[in-house]
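1. Have a look; sequence and predicted model below, questions after that.
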Amino acid sequence: MKKPVETRLVTAPHIPGPDSLGRRWKYLGEASFARTEPARLIQLLGEDGVELNAAANAGGPLLPPEETRSLYEWMVLVRVFDFRMVNLQRQGRISFFVPSLGEEALQIGTIAALRTDDWIFPAYREQGVALFRGYPMETLICQFMGNSGDFLRGRQMPNHYGAPHLRFAVASSPIGTQIPQAVGAAWTARIRREETVSAVYFGDGTTSSGDFHAGLTFAATQQLPVVFFCKNNGWAISHPVAKQTRAECIADKAHGYGMPGLRVDGNDLLAVYDVSMEAAEWARSGSGPVLVELVTQRMGPHSTSDDPARYRDPSLLEPWKKRDPLHRLRAYLESHGLWSAEDEERITRDADARVTEALRLAEPMPPPTVASLFEDVYAEMPWHLREQLAEAEQAEALRRLGSEQ
């Protein structure tokens, strides 16, 4: 006789309220789950770098002075690195690059709010995130060149970097594939009882993908520790965000999945940092996932293979030039007596020198060896691969001999 199947009542997951876990949340809570109006844009600095609510902060800095200065220096480094890599591609020294001009604040503001044991699942425009996490700059340039100094040993497309030992997953070209991976890593952390968060980056175009829907649905139903960072820079290559969705803002999509959604000015580093800190704490505390929409503008091309002049009116960029994230934070620092023209000159010069030194180390590196084609698959190479490796090395030796004659 068959044993009767045991059934159990499935109840809806508990949705944390504003007093979840004995504290009141600054941005998260009931209002971020159920709204009758579009999500408000969270800002701490105006376009001129002036605090929007200085009276409430008693006129003091929003972050400790040294921390704010350090974050600004990281933004300068990202911009200098970006400029140098675009020039490197134009000179034919690398084949491809994905620039991030105008997105420095959202990169540094988010990664600075995460712990080093949190997992990062990037798209392919997160160079600043990678560098801040500890990715050596010369190794990152080696990845662009596909040489033997690359962690990935030249096996990935340029600008598709990763370093598992840094808890920085490898980027891939198909949009959205990193979202289910991030959710899976968060589920693993839950099973292992780890207090880590998965942070996943993607663009506005990815919200039209099936992986976005699947990932947010699973994360919400299982209340997993994931922070979804949607970088709404206005364009999915040549496709404007207005043709991606009829929603007034992407953060509002979170309500349909049963998770909170926040919309933040992606060019305001202090606001990005503040929101990201709370989103990570919310996810880490067991309250579930969060969708954070980072509103910015892609000031350059999608990649060095793209010409935005063919589909974007240059006048659309004019208002965003006034919102430049570096100019904005520098004005804030100057207003508090924390920055000077001499500081700016020194930091820019140091950043350029750092890139020059990284390039000096990366460019002479030889290509990956023929043997690397056969490695990293099996713990112990099987006989048939050993035979193929011997044949490949013999062919390579003959090729070199012929080129020398």
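-> Happy to help now that I have it.
2. So Pro366 sits against Asn147, correct?
-> Yes - the criterion here is CB atoms under 8 Å, and Pro366 meets it with Asn147 at 6.5 Å. Bear in mind the C-beta positions are built from the backbone N, C-alpha and C, glycine included.
3. secondary structure class for Val98?
-> coil (DSSP: H, G, I helix; E, B strand; the rest coil).
4. Please list all residues in contact with it.
-> Contact partners of Val98, counting by CB atoms under 8 Å, 6 or more residues apart in numbering, are 124-125, 159, 302-304.
5. just those residues now: which is nearest Leu140?
-> Asn159 (9.4 Å; CB to CB).
6. tell me, how many neighbours does that closest one end up with?
-> Using other CB atoms under 10 Å, Asn159 has 24 neighbouring residues.
7. Surely it and Ser95 touch.
-> No - the criterion here is CB under 8 Å, and Asn159 misses it with Ser95 at 9.5 Å.
8. can you pull the pLDDT of Ala163?
-> We note a pLDDT of 96 for Ala163 in this prediction.
9. Could you tell me how many residues sit around it?
-> By other CB under 10 Å, 20 other residues sit near Ala163.
10. For it, which non-adjacent residue is spatially closest?
-> Phe151 (5.2 Å; CB to CB, 6 or more residues apart in numbering).
11. I figured the one you found was touching Tyr161, is that so?
-> Yes - counting by CB under 8 Å, Phe151 does reach Tyr161; the two are 7.4 Å apart.
12. Between these two, point out the one with more neighbours.
-> Tyr161 (25 against 20).
13. Work out for me the element the nearest residue to the more buried one once chain neighbours are set aside sits within.
-> Of all residues not flanking Tyr161 in the chain, Gln143 sits nearest, at 4.5 Å (CB to CB, 6+ apart). Per DSSP states H and E, Gln143 falls inside helix 137-145.
14. got it, and Leu291?
-> Leu291 belongs to strand 290-295, assigned by DSSP H and E.
15. With just CA atoms, put that strand into CSV.
-> What follows is strand 290-295 as a C-alpha-only set of coordinates in CSV (Å, rounded to 0.1, in the frame of the first residue of the first chain):
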residue,chain,number,x,y,z
VAL,A,290,15.9,45.0,-3.5
LEU,A,291,15.8,46.6,-7.0
VAL,A,292,17.7,49.8,-7.2
GLU,A,293,17.4,52.0,-10.4
LEU,A,294,20.4,54.2,-10.9
VAL,A,295,19.4,57.0,-13.2
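16. Please tell me how far the next helix or strand after it is from the chain's geometric centre.
-> Next helix or strand after strand 290-295 toward the C-terminus (DSSP H and E): helix 318-321. Taking CA atoms, centre = their mean, to the nearest Å, one finds the center of helix 318-321 at 23 Å from the center of the full chain.
17. quick one: average confidence on helix 318-321?
-> pLDDT averaged over helix 318-321 gives 95.
18. Now that helix - C-alpha only, CSV.
-> Provided in CSV are the C-alpha atoms of helix 318-321 (Å, rounded to 0.1, in the frame of the first residue of the first chain):
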residue,chain,number,x,y,z
GLU,A,318,23.6,69.0,-22.8
PRO,A,319,21.5,68.8,-19.6
TRP,A,320,23.5,65.9,-18.4
LYS,A,321,26.8,67.7,-18.8
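19. buried sites along that helix?
-> The neighbour-count check on helix 318-321 (16 or more other CB atoms under 10 Å) flags Trp320 as buried.
20. can you check stretch 90-105 too?
-> 94, 97-105.
21. Which member of the residues you listed is positioned nearest Leu398?
-> For the buried residues of stretch 90-105, the nearest to Leu398 is Ile94 (30.0 Å; CB to CB).
22. pretty sure that closest one is in a helix, no?
-> No - the assignment for Ile94, made by three-state DSSP, is coil rather than a helix.
23. From Asp150, how far out is it?
-> Per CB to CB, to the nearest Å, Ile94 is found 12 Å from Asp150.
24. what do the two both touch?
-> Going by CB under 8 Å, 6+ apart, no residue sits against Ile94 while also sitting against Asp150.
25. picking that back up, would you reformat the buried residues of stretch 90-105 as TSV and include pLDDT and distance to Ala171?
-> Converted to TSV, those look like this (pLDDT from 0 to 100; distance: CB to CB, whole Å):
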residue	pLDDT	distance to Ala171
Ile94	96	16
Phe97	97	13
Val98	97	9
Pro99	96	15
Ser100	96	13
Leu101	96	19
Gly102	97	20
Glu103	97	15
Glu104	98	18
Ala105	98	21
